[in-house]
Structures are given as C-alpha cells and as structure tokens.
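J.: here's a sequence, model it:
(one chain, ligands or ions: 2)
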Amino acid sequence: MSDSPDIRGGRLGSDELAANFGDLHPPLSRSEALIEADRCYFCFDAPCTAACPTGIDIPAFIQKIRSDNVQGSARTILGENIMGGMCARVCPTEVLCEEACVRNTHEEKPVEIGLLQRYATDPVIDAGMQLFARAPASGKKVAVVGGGPAGLSCAHRLSVLGHDVVVFNKDEKIGGLNEYGIAAYKTVDDFAQTEVDYILGIGGIEVRTNCSLGHDVTLDELCEQYDAVFLGIGLCRSNDLGIEGEEKDGVVNAIDYIAELRQADDLGALPVGKTVVVIGGGMTAIDIAVQSRHLGAEQVHIVYRRGPDDMSASAFEQALAQTSGVTIHHRAPPRRILGNGHVTGVEFETSAGKLELCADVVFKAIGQQLSDIEGPITENGRIVIDGWHRTSMEKVWAGGDCVAEGEDLTVSAVQHGKVAAIDIDRFLRGQDDG
Ligand SMILES: Cc1cc2nc3c(=O)[nH]c(=O)nc-3n(C[C@H](O)[C@H](O)[C@H](O)COP(=O)(O)OP(=O)(O)OC[C@H]3O[C@@H](n4cnc5c(N)ncnc54)[C@H](O)[C@@H]3O)c2cc1C
Ligand code: SF4
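T.: Numbers count the residues shown, from 1 in each chain. Ligands and ions are numbered 1, 2, ... in the order given. I've put the predicted structure just below:
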C-alpha cells in the first residue's frame, strides 16, 4: 500500500463526463408515451396508486395522457404531489408503483409509470404553468423551517389553502437534498431549481436562505411570531463509523462530497481517488460509488456489513452500481482504517477472515442523524409525531427525514409536508378536534 494517495481531477475528458452524467432515464417522446399509456389496464382499485406514498391516481393520469390531455394529467399528479416532476426522476418506482403494477404478472414488465409521470409534468413545470389558484387570504402566517421536499410541499399546500408562509432555510439554495444530494444523473439541467421556482410561483411564500433554526432564530421565537410552525429540517449530521483511524485524511462523509459534486461548475476539476472504498449499503453508498466511477475512479468497492437483501438500496440500484463497474462486498463490517496521516486502506472482518482493501479515498455512507434541536420530543435521533405530523409541542408539526415515520425518500417527505399542511389548515381555521 502506497502512502501517497492518487487523488486528482481531470481523470476523464469533458465528453466522457457529459456522457456519464447525462439523464439516467431519458424522457419519452409523444409516440413512446402514447404506446406506453396504451399498456395500462386502468385497473379498478389500482394497486399502483395504493403503492404510491402520495396516493396519485395513476390510471387517471395515464388515461389523460392517452387522450392527449397532458395538462390535465399533470394536474392529477401535482394535485397530490407537487414534486411529481422530481419524483418521476428519483422515486425507486421498482419498489413502489411499478412493483405493484399488474402488468408484471402478465408480461413481467410494468407500465413505465415514472417516465409517463415525467412526460406529463415536464411541459407544465418548464413553462411555469400554474395549475392551482390560492384560496382567499386567511390572514394566518406559518413558519416552515427547511426548504427541502417536506418543507416545500407543506409551504405550497398552505399557500393554496390561503395562508402566507415564510420558509427559513439553512442552505444557500432551496430544495434540500434535491439540490445537494440526489445523484447528478437523476436530475440533469438544474431541474431541482426549475421545480423550486415552479413551486414558489404560486405566490404567498417568502424565502429566507442562510437562516438556521437554533442559530439565527429559535423555535420559541417562531411560535410567538407565527400561527403555526412546520419543521422539515432533514438529517444533517453524518454518522461516524466509530473505528480506529476514522480521523485520517481521505476519510470523507459521502454526502459532503456529493453536495460538492452537485454544485460543481466543472466536474473535471473535482478531485477523484484512483481507488475508492465506500462503506454503507443505502442509496447514498450507491450514489457516491457510481458517481466516483463516472468521474473516472478506476476501482470502486462498496462494502456492506450485512447481506444483499438487507441493503436499503433497491435491487435496481445495486445492479446500477454493478453495471457501472462497482464491486459490492457483503457481510464485512469495517474494523480499522489503515494508513499514517492519509488513509491507505480499510480492514474488514468477514466469515472467511480479514479482508483488506486499498483506498485513496474512503467514503462513509452509513446514514445521517438529526442535528440537536430544542423543543419537540425526539426518539432515536428523530422527532416524534402523531398521524397528522403533530409534535409534542403545541403549534409545531414536523415531517420528512427528520421524523421517526417514513422511508427517507423524496416522495415520503412530500407526503408528510402535504398531510401536515392539511392538519395545520384545520387548526388555523379552528376546525381542530384535538
Ligand atoms: C445522497 C442521497 C441520495 C438520495 N437519493 C434519493 C433518490 O434517488 N430517491 C429518493 O426518493 N430519495 C433519495 N434520497 C432521500 C431524499 O433525498 C430525502 O428523503 C429527502 O430529501 C428528504 O426531504 P426533507 O425535506 O425531509 O429533507 P432535506 O431534503 O434534507 O431538506 C432539509 C432542508 O432543511 C434545511 N435545514 C436543515 N437544518 C436546518 C435548520 N436548523 N434551520 C433551517 N433550515 C434547516 C436544509 O437547508 C434543507 O434545505 C437521497 C438522499 C441522499 C442523502
Ligand atoms: S397497476 Fe399497472 S396496469 Fe393497473 S392501473 Fe396501475 S399502471 Fe395501469
């Protein structure tokens, strides 16, 4: 093992980078969409709708595509999920709507619901066509903390219901992990910001960026100044491995590097290790591994402590990593980071004995946790909520990754924000029955 790490930019030329970071699932043309829509059986009690965390009426929107009513189709989608455009790109449909599609049993291939959803929503979002009007002003004002999928979904629904909203966001840009986390090849052409602009286009939503709860403003102040508060602050702190050598140079939090990648103007300038080891088994592990390969890393290993079925990354994502040239090792918990000042490798334990892998860079992708917050009750590092997303604090709701319920998916965060907004509206109108 060499002590001088091979980490540098410019491993690939600009054409190769452009190809590697192009759209993972290119959009359907009109004729492709019409053919795909024709495959739908328009099932009664559609299992695909039951499997969608936001409950989009999938056969209804596909039917509208079939009759060339793309705008009506978008309305059906966005009425339940205002981030229907992003979800069409990033949802693990293979374990949600498309897994439930009855076409799987008849043809072993589901209707391509995600691509059809994108076909319907893209023209509306690109054109900034507002499909929803605001209800008459209620005179109420709600603070939404966090401008990620949960916060934006809550803010949009509250605005539609006639309330004014102020979004407080720690990061410079609104969008949360849609802007700073999702793999670059899933959301090309700055779609995250196009969608943010679309959502804010409803009006009635003021945005304060670089403004952090616990630093620039307290929860008590927000409760005093606003009629209700929604917390959608995600999970900011990366978990530690808790093993010897973790502090060495070259041991990096995957989400920090991904954020840098997502904000980079020139991917060719990003420093990339020749040999990369990723520790973890979720979506972040897959994303950092695949993107490292796409940036030109020669050898990339994902090492997960349990078996393939325990990985939270779906089978599709695991296959994506493997077809991108990533080697996945299972049942190998890390024991020690090797090297002097800089990492040179990692030692893992396996049933067959010790496994040692060389590394110029080691990415930690073993999950994130909530930053310390004062106020609502937390359990296991998440905010505790009830079925309507109320926290233990009066006037305070919460949703998205920061709460105990849910699957840490964009679509779940959107649903949380929507449900909370519906309940906040009831509370603000005095229709609250407890
Ligand atoms: C690398 C990675 C890849 C992923 N890929 C996918 C995918 O392909 N598909 C999928 O469905 N899901 C994916 N996810 C999960 C998905 O991104 C999250 O579930 C979703 O973004 C959660 O939304 P959220 O609004 O709860 O939190 P976030 O998106 O994390 O947004 C939180 C917002 O709160 C703000 N904030 C934080 N703290 C404070 C504070 N103290 N004060 C004020 N503002 C604050 C932040 O600035 C941020 O804007 C991925 C996650 C990661 C980490
Ligand atoms: S389950 Fe499949 S075939 Fe049935 S309505 Fe949904 S998309 Fe159409």
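
J.: which strand in this protein has the most residues?
T.: Secondary structure of the chain per DSSP state E: the longest strand is strand 343-350.

J.: same for that one, what does it pack against?
T.: Here strand 343-350 touches strand 275-279, strand 334-339, strand 353-358, strand 361-364, going by 3 or more Cβ pairs under 8 Å, 6 or more residues apart in numbering; DSSP states H and E. To be clear about C-beta, it is placed using only N, CA and C from the backbone, and glycine gets the same treatment.

J.: how about it as PDB, C-alpha atoms only?
T.: Presented in PDB, the C-alpha positions along strand 343-350 are these (Å, rounded to 0.1, in the frame of the first residue of the first chain):
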ATOM      1  CA  VAL A 343      -5.800   6.700   4.500                       C
ATOM      2  CA  THR A 344      -4.200   3.800   2.500                       C
ATOM      3  CA  GLY A 345      -6.800   1.200   3.000                       C
ATOM      4  CA  VAL A 346      -9.500  -0.400   5.200                       C
ATOM      5  CA  GLU A 347      -9.600  -3.700   7.100                       C
ATOM      6  CA  PHE A 348     -12.900  -5.500   7.200                       C
ATOM      7  CA  GLU A 349     -13.900  -8.600   9.100                       C
ATOM      8  CA  THR A 350     -15.600 -11.500   7.100                       C
END
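
J.: get me the contact residues on the chain for ligand 2.
T.: 40-43, 46-48, 58-59, 101-103, 111, 113 (Cβ under 6 Å from any ligand atom).

J.: tell me the one of those residues nearest ligand 1?
T.: Distance to ligand 1, by Cβ to the nearest ligand atom, is smallest for Ile113 among those, at 14.4 Å.

J.: enumerate the residues of the stretch 101-250 of the chain near ligand 1.
T.: 145-151, 168-171, 176-177, 181-182, 186, 212-214, 232-234, 236.

J.: rerun that using 8 Å as the cut-off
T.: For the stretch 101-250 of the chain, the residues in contact with ligand 1 (Cβ under 8 Å from any ligand atom) are 145-152, 168-171, 173-183, 186, 211-217, 232-236.

J.: filter those down to just the ones in strands.
T.: Secondary structure from DSSP E places 145, 168 of these in strands.

J.: show the buried residues in the residues of the stretch 101-250 of the chain next to ligand 1.
T.: 145-152, 168-171, 173-183, 186, 211-213, 217, 232-235 (16 or more other Cβ atoms under 10 Å).

J.: among those residues, which ones are in helices?
T.: Residues of these located in helices (DSSP state H): 149-152, 177-180.

J.: just put the helices and strands packed on strand 343-350 in CSV and tack on mean pLDDT, mean neighbour count and distance to Asp15.
T.: Converted to CSV, the helices and strands packed on strand 343-350 look like this (pLDDT from 0 to 100; neighbours: other Cβ atoms under 10 Å; distance: least, Cβ to Cβ, whole Å):
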stretch, mean pLDDT, mean neighbour count, distance to Asp15
strand 275-279, 98, 27, 23
strand 334-339, 97, 20, 35
strand 353-358, 96, 14, 30
strand 361-364, 98, 27, 25
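
J.: can you redo the ones you listed as a markdown table with distance to ligand 1?
T.: Compiled in a markdown table, the helices and strands packed on strand 343-350 are given as follows (distance: least, Cβ to the nearest ligand atom, whole Å):
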| stretch | distance to ligand 1 |
| --- | --- |
| strand 275-279 | 12 |
| strand 334-339 | 20 |
| strand 353-358 | 22 |
| strand 361-364 | 11 |
